[in-house]
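Participant: Sequence and predicted model, in that order:
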Amino acid sequence: MDGIQIKTARMGDLDDAGRKAVVDVCADAFKMPEFYDLFSFLKPDNLHVMAYRDAVLIGHTVVSTRWMQPEGLSILCSAYIDAVAVASAEQGKGIGKGLMQHVASVITDYEIAGLETGVPGFYESVGWELWRGSLAGRGDDGLIPTPEQTGVMILRLPKTPALNLDGLLTIEDQKARIW
Ligand SMILES: CC(C)(COP(=O)(O)OP(=O)(O)OC[C@H]1O[C@@H](n2cnc3c(N)ncnc32)[C@H](O)[C@@H]1OP(=O)(O)O)[C@@H](O)C(=O)NCCC(=O)NCCS
């Protein structure tokens, strides 16, 4: 992480150039132009955590407040992590790890953190755990099971209560997506 600076900014405080840098780094890392729509899904209070080398954005993730409920517990105020991306030329140098360690340090007021991923090994290397139990959305008309969903992970934070990773985990249905 020598020469790397990590900064945070609320989505509402990013100017057009800042937003363009974010979608560029996501599209490059994921090789998916769909990231050019990222800002249509975000809210002004979403928190971006960004890594820079020489003032150039090379790593990014964004934190949203969501509401996960592990079986037997109340609904927990949850830091939900999306768009974790390291520029392709910078991958494998510890930048993703540094970014996720920084994220963990700025979400300590939340009761738990969550994300869904196709690369659980990366997150396990920074303390995240795969949810082993069943998963569902909480919709207006009740639970919406998501049996096809894999790769949902949680991070225990200082305020996280004792968890049973084999129980049911639910999250509010956002219509555009559940997990
Ligand atoms: C996944 C990604 C964020 C990792 O960032 P990175 O800077 O390349 O990773 P790091 O160099 O910090 O690696 C940290 C650890 O995770 C491991 N790791 C990295 N990528 C991994 C992967 N795809 N699968 C499993 N483990 C991985 C590394 O081996 C390293 O392990 P170590 O601490 O035991 O040495 C980055 O490669 C990326 O942007 N990929 C494309 C987009 C993507 O898949 N994002 C995540 C989707 S939710």
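Facilitator: Okay, I see it.
Participant: How about whichever residue of the chain sits closest to the ligand, nearest residue that isn't a chain neighbour?
Facilitator: For the chain and the ligand, the shortest gap (Cβ to the nearest ligand atom) falls at Gly96, measuring 2.2 Å. No exception for glycine: its C-beta is placed from N, CA and C like everyone else's. Residue nearest to Gly96 in three dimensions, not counting chain neighbours: Val86, with 4.8 Å by Cβ to Cβ, 6 or more residues apart in numbering.
Participant: For the nearest residue to Val106 once chain neighbours are set aside, grab the count of nearby residues.
Facilitator: Once flanking residues are discounted, Val106 sits nearest to Thr8: 6.1 Å by Cβ to Cβ, 6+ apart. A count of nearby residues for Thr8, using other Cβ atoms under 10 Å, gives 13.
Participant: Can you classify Thr8 by secondary structure?
Facilitator: What DSSP: H, G, I helix; E, B strand; the rest coil gives for Thr8 is strand.
Participant: swap in the one 10 residues further on?
Facilitator: What three-state DSSP gives for Gly18 is helix.
Participant: What segments of the chain are strands?
Facilitator: 4-10, 47-53, 56-70, 76-86, 112-116, 129-130, 135-139, 142-145, 152-155, 169-172 (DSSP state E).
Participant: and Ile178, which of those is closest to it?
Facilitator: strand 135-139 (3.7 Å; Cβ to Cβ).
Participant: returning to that earlier point: next, the contact list for the residue nearest to Val106, please.
Facilitator: 47-50, 106 (Cβ atoms under 8 Å, 6 or more residues apart in numbering).
Participant: Format the residues you listed as TSV; extra columns: distance to Leu130.
Facilitator: Below are the contacts of Thr8 laid out as TSV (distance: Cβ to Cβ, whole Å):
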residue	distance to Leu130
Leu47	24
His48	25
Val49	22
Met50	26
Val106	23
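Participant: Can you say which two of those residues are spatially most distant?
Facilitator: Met50 and Val106, at 11.8 Å, using Cβ to Cβ across those.
Participant: More neighbours: which of those two?
Facilitator: Met50 (22 against 14).
Participant: which residues touch the residue nearest to Gly96?
Facilitator: Applying Cβ under 8 Å, 6+ apart, the residues near Val86 are 25, 29, 51, 58-59, 95-96, 99.
Participant: Specify which member of the residues you listed is nearest to Tyr36.
Facilitator: Nearest to Tyr36 among the contacts of Val86, with distances taken as Cβ to Cβ, is Val25, at 12.0 Å.
Participant: Cross-check the contact I'm expecting between that closest one and Gly59.
Facilitator: Yes - contact status for Val25 versus Gly59: in contact at 7.0 Å, counting by Cβ atoms under 8 Å.
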